[in-house]
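Colleague: build me a model from this:
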Amino acid sequence: MKRLAISVLLLVSISAAPCFGQKRQITYREYLDKVHGGWLGKIAGLALGVPKEFDEPWPPSDGDYFAEVPTHFSDQYSGDDLYFPLLAQICLKKYGTHPTYEQYMTEWKNQLFTARVWGANNIAMEHYFAGVMPPKTGHPGWNGGHDIDAQIGFDTIGWVAPGLVNTAARMADHPAHIMNWGDGADGAVFIAAVLSEAPFSSDIEHLIRTGQSVLPAKSAYRGMIDDVISWHQEQPDWRVTRQLLARKYNRNLDPNDISAVVNGGAVLIGLLYGDKNFGRTVSVAMRCRWDSDCNASTAGGVLGTVLGASGIEPRWSMIFHDTYENYCLRGLPRWIQISDIAKDTAAIGETVIRENGGEVSGTGPERILVTPVQKPEMLTREEVYSKELIARNETEMREYYRRKLTPVTEPWDHSWKMTMASFENPPQVLPEYLGRKHVLKAQPSQKWGVILERTVTLPAGKHTYLKIGVSHHPTIANEQTGFPEIGAWKLDVLVDGKRISGYSVSTQGGLVVWEDPQFDLTPYAGHTVKLTLVGNHAMKYTEFYMASQTTYWSGIELITLDQPASWR
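Modeller: Numbering: from 1, shown residues only. From the prediction side, this is the model:
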């Protein structure tokens, strides 16, 4: 009888304020259902929001179901809200519950198509290729710092620490600094803490407050949570709360804002005004605008965990047939069962429970997972932005690349300095390419491209032209689709930071030839000017390979004439 009483006590789910020092438990079957529901919720929210990403109008649309019911994912629906968490889970499974930065980045390098990596994630990856290690890859000035990337990439770490809110926060905070800092990292920490608590509580405000309690004292994310909860209590219409959020936290009312703070606010609005109705929750989060697919996916992941897979309305989950179509991770099958992904999550969770003073008893789906109740502890780090910090870090970054690239351009043409390029395929000087000797080859970084610079004094009273020999990469077959990718790229010419002209380095059918475009510098005769050449991707974010859009330079010549040739 005494044993029964203890079991009943332990089985009680703590839905509001858990008593610290006690333990609580969940069966493996219940835990797996919660995690499975979280993954399904993320996938459903993503599919709802993808057609409206940065394109949801304001005032919002009336859409409350999939605009395009996905019969399969395609690369569009195989979004970073899913493959980054999946890659994080692969790291936890392969390296243990505390992977190092090097281990995370090794898997990024081996498994990600760089052209399918966006924003702060991509910048971090570019820096890593260039020899820069986290956490510097996420520092403001080196990166955006406060963007949404960590919030959608490492939030699901919360699932592997059920009821262990501090453990979840620490496990998410470490990798969040690969691409983010300060408020950006706080987004991952907050959602991870919420997902940690979600298997044990259906009280949405309690979950939000639990996540808030681990954030640093000076976090703007922490302040935003107070505001949204207060506005929710005062305003019956979510649209009013969304506008209040926009006025206070949306930078310049930018519809493309990817700040973790403003997009995290959209997630909270969906959760608070959704009343635990899955469809209403994800549609409100999506219709708040900004990064619509990410916000619907995050809100769906939280509520999906609260409801469990068994509690999500079939119209939101059945269309996926428990299947994720993988387009964006190398080395994984094309088709993966979502329930299998959830089983891997739960297996890691059992390890984390044991490592943190809990236990797993029994066998089979009814085995019991017992976790200690952790009193939430505020992260003590202080990461506060300033213009001085950002400027100092950006100067450091640019000088790093300038020094690293000087040995490449010095033997090619010492008068020009390369100040930026991707090191995914390191720049080099080729002895020969398509019949021309001594050719500079460089792959553009996704954000900055290839940058060549020179300061020169142009002769007064003369006509000066800049002649540039350029070519592109041979056509290659796309690894995922089999379709051809033509290595076209764009050339921009700037004088003292102002663009004066451009050129499309592309030929019919992908036939590779050399071209020698010329640009008139005569208006700057008699002046000392800074010339900047930028080689960039012809079609950003559309291909699986960035390497196909590689720049080739056979030489750069300044031609000075007394009189302009008529054909010029």
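
Colleague: now stretch 147-154: average pLDDT?
Modeller: Regarding stretch 147-154, the rounded mean pLDDT is 96.

Colleague: export it as CSV, just CAs?
Modeller: What follows is stretch 147-154, C-alpha atoms only, in CSV (Å, rounded to 0.1, in the frame of the first residue of the first chain):
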residue,chain,number,x,y,z
ASP,A,147,19.3,36.5,-35.6
ILE,A,148,16.8,33.6,-35.4
ASP,A,149,19.1,30.8,-36.5
ALA,A,150,19.9,29.2,-33.1
GLN,A,151,16.3,29.4,-32.0
ILE,A,152,15.3,27.1,-34.9
GLY,A,153,18.4,25.0,-34.9
PHE,A,154,19.1,24.0,-31.3
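
Colleague: and residue 317, that's in a helix?
Modeller: Yes. Assessed by DSSP: H, G, I helix; E, B strand; the rest coil, residue 317 belongs to a helix.

Colleague: which secondary structure elements does the helix or strand where residue 270 lies contact?
Modeller: Residue 270 is located in helix 260-273, with elements delineated by DSSP states H and E. Contacts defined by 3 or more CB pairs under 8 Å, 6 or more residues apart in numbering; DSSP states H and E place helix 260-273 against helix 149-153, helix 183-197, helix 204-212, helix 220-234, helix 238-249, helix 278-287, helix 292-307. The C-beta positions use only the backbone N, C-alpha and C, and glycine is treated the same way.

Colleague: give me that answer again for 6 Å
Modeller: Packing partners of helix 260-273 (3 or more CB pairs under 6 Å, 6 or more residues apart in numbering; DSSP states H and E): helix 183-197, helix 220-234, helix 238-249, helix 278-287, helix 292-307.

Colleague: residue 353 is nearest to which of those?
Modeller: helix 183-197 (11.3 Å; CB to CB).

Colleague: output the closest one as PDB, nothing but the C-alphas.
Modeller: Extracted in PDB, the C-alpha atoms of helix 183-197 (Å, rounded to 0.1, in the frame of the first residue of the first chain):
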ATOM      1  CA  ASP A 183      19.600  37.700 -27.700                       C
ATOM      2  CA  GLY A 184      20.100  35.300 -30.600                       C
ATOM      3  CA  ALA A 185      21.500  32.600 -28.400                       C
ATOM      4  CA  ASP A 186      18.700  33.400 -25.800                       C
ATOM      5  CA  GLY A 187      16.100  32.300 -28.400                       C
ATOM      6  CA  ALA A 188      17.600  28.800 -28.500                       C
ATOM      7  CA  VAL A 189      17.900  28.600 -24.700                       C
ATOM      8  CA  PHE A 190      14.300  29.800 -24.100                       C
ATOM      9  CA  ILE A 191      12.600  27.400 -26.500                       C
ATOM     10  CA  ALA A 192      14.800  24.500 -25.300                       C
ATOM     11  CA  ALA A 193      13.700  25.200 -21.700                       C
ATOM     12  CA  VAL A 194      10.100  25.400 -22.800                       C
ATOM     13  CA  LEU A 195      10.300  22.100 -24.600                       C
ATOM     14  CA  SER A 196      12.100  20.500 -21.600                       C
ATOM     15  CA  GLU A 197       9.100  21.400 -19.400                       C
END
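
Colleague: residue 397 and residue 36: what is the separation?
Modeller: From residue 397 across to residue 36, the span is 42 Å (CB to CB, to the nearest Å).

Colleague: for the residue most central in space within the chain, give me its contacts.
Modeller: What sits nearest the mean C-alpha location of the chain, by CA atoms, centre = their mean, is residue 149, with 3.4 Å. Counting by CB atoms under 6 Å, 6 or more residues apart in numbering, residue 149 touches 119-121, 179.

Colleague: how close does the closest residue to it other than its chain neighbours sit to residue 353?
Modeller: Nearest residue to residue 149, sequence neighbours excluded (CB to CB, 6 or more residues apart in numbering): residue 120, at 4.2 Å. Distance, residue 120 to residue 353, using CB to CB: 31 Å.

Colleague: what strand or helix carries residue 459?
Modeller: Secondary structure (DSSP H and E) places residue 459 outside all helices and strands.

Colleague: and it, what is it in contact with?
Modeller: Residues near residue 459 by CB under 6 Å, 6+ apart: residue 560.

Colleague: just the pLDDT at it, thanks.
Modeller: We have a pLDDT of 97 for residue 459.

Colleague: repeat for residue 14
Modeller: Note on residue 14: pLDDT of 39.

Colleague: circling back to that earlier point, quickly check the contacts of residue 149 for the two that are furthest apart.
Modeller: Using CB to CB, the contacts of residue 149 span at most 8.0 Å, a distance reached by 119 and 179.

Colleague: more crowded one of these two?
Modeller: Legend: neighbour count by other CB atoms under 10 Å for residue 119 and residue 179, higher for residue 179 (32 against 19).

Colleague: from residue 425, how far out is that one?
Modeller: Using CB to CB, residue 179 is found at 21 Å from residue 425.

Colleague: before we move on, the earlier item: if you count what's nearby, which of residue 397 and residue 36 comes out ahead?
Modeller: Each of residue 397 and residue 36 has its neighbours counted (other CB under 10 Å); residue 36 has more, 27 against 20.

Colleague: what's in contact with the helix or strand containing that one?
Modeller: Per DSSP H and E, residue 36 falls inside helix 28-49. Residues from elsewhere that reach helix 28-49 (CB under 6 Å, 6+ apart): 66, 70, 77, 79, 81, 159, 199, 282, 286, 292-293, 296-297, 300-301, 303-305, 307-310, 312, 316-317, 320, 338-339, 341-342, 345-346, 365, 367, 369.
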